[in-house]
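>>> quick one, what's the 3D model for this:
(2 chains)
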Amino acid sequence: AQRVTQPEKLLSVFKGAPVELKCNYSYSGSPELFWYVQYSRQRLQLLLRHISRESIKGFTADLNKGETSFHLKKPFAQEEDSAMYYCALDDTGNQFYFGTGTSLTVIP
Amino acid sequence: ETGVTQTPRHLVMGMTNKKSLKCEQHLGHNAMYWYKQSAKKPLELMFVYNFKEQTENNSVPSRFSPECPNSSHLFLHLHTLQPEDSALYLCASSQRFDAETEAFFGQGTRLTVV
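This is a model prediction of the structure:
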């Protein structure tokens, strides 16, 4: 069963507009959730994790256990935010589960 | 290079060839992973090694054979591959059972099967 769902494969927003990348998960325990980002020609890398409650590059993500969601948000998108974004769940056991990814394009 | 290093970065091989992908991590992690990233598919977990023991094999064809000789090195041996196996193969490592675990990824090996 798919544990992490990212419903949008492609997302385009204008520079300066708010952006939200959706992520829903399915897990009965207490998951650890992450957002990973892959910029063009760079390696997949961690953007942020829910337990840190931090803001990285202006992005934030709040874990909503009631809605089993972990949406990634940024109030004002920048061109350099264009990348592939993956939501991931760590079941604190054997492995990470990744979503299918959302390709974000920020239009100048 | 610190972190997770994969070699080679690019590989072109024929369907009858045998080749190996290599991954090294210098982070002291106890778990390593192979992922396959295809152009039109989600990131797919192939193999997981915890403490050098293989714990997951997500129905990967036997033409892919992993090897983990120690906690710092991971190999993916390839033989008689198919063109549809062409993809980016990513290695990752993490510290399992740690409070703030995250996966660190290598830059990948771009494999083309001809």
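
>>> now A:T60: how far from A:H50?
Going from A:T60 to A:H50 by Cβ to Cβ, to the nearest Å gives 10 Å. For every residue, glycine as well, the C-beta is placed using N, CA and C.

>>> gap between the most centrally placed residue in chain B and A:D90?
Closest to where the C-alpha atoms of chain B average out (Cα atoms, centre = their mean) is B:W34, at 2.9 Å. Computed as Cβ to Cβ, the B:W34 to A:D90 distance reads 17 Å.

>>> report the helix or strand with the lowest average pLDDT across chain A.
Lowest on mean pLDDT, DSSP states H and E among the helices and strands of chain A sits strand A:96-98, with a mean of 82.

>>> on the C-terminal side of that strand, identify the next helix or strand.
Sequence-wise, the next helix or strand downstream of strand A:96-98 (DSSP states H and E) is strand A:102-107.

>>> helices and strands around that next one, which ones?
strand A:10-14, strand A:19-21, strand A:83-90 (3 or more Cβ pairs under 8 Å, 6 or more residues apart in numbering or on different chains; DSSP states H and E).

>>> and of these, who's closest to chain B?
Across the helices and strands packed on strand A:102-107, chain B has its closest neighbour in strand A:83-90 (6.2 Å, Cβ to the nearest Cβ).

>>> starting at the chain centroid, how far to the closest one?
With Cα atoms, centre = their mean, to the nearest Å as the basis, strand A:83-90 stands 5 Å off its chain's centre.

>>> now the angle from it to strand A:102-107?
Orientation check (axes from the mean of the first three to the mean of the last three Cα atoms, to 10 degrees): strand A:83-90 against strand A:102-107 gives 150 degrees.

>>> flag the shaky bits of chain B, pLDDT-wise.
The model of chain B has pLDDT under 70 over residues B:1-2, B:40, B:42, B:56, B:97-101.
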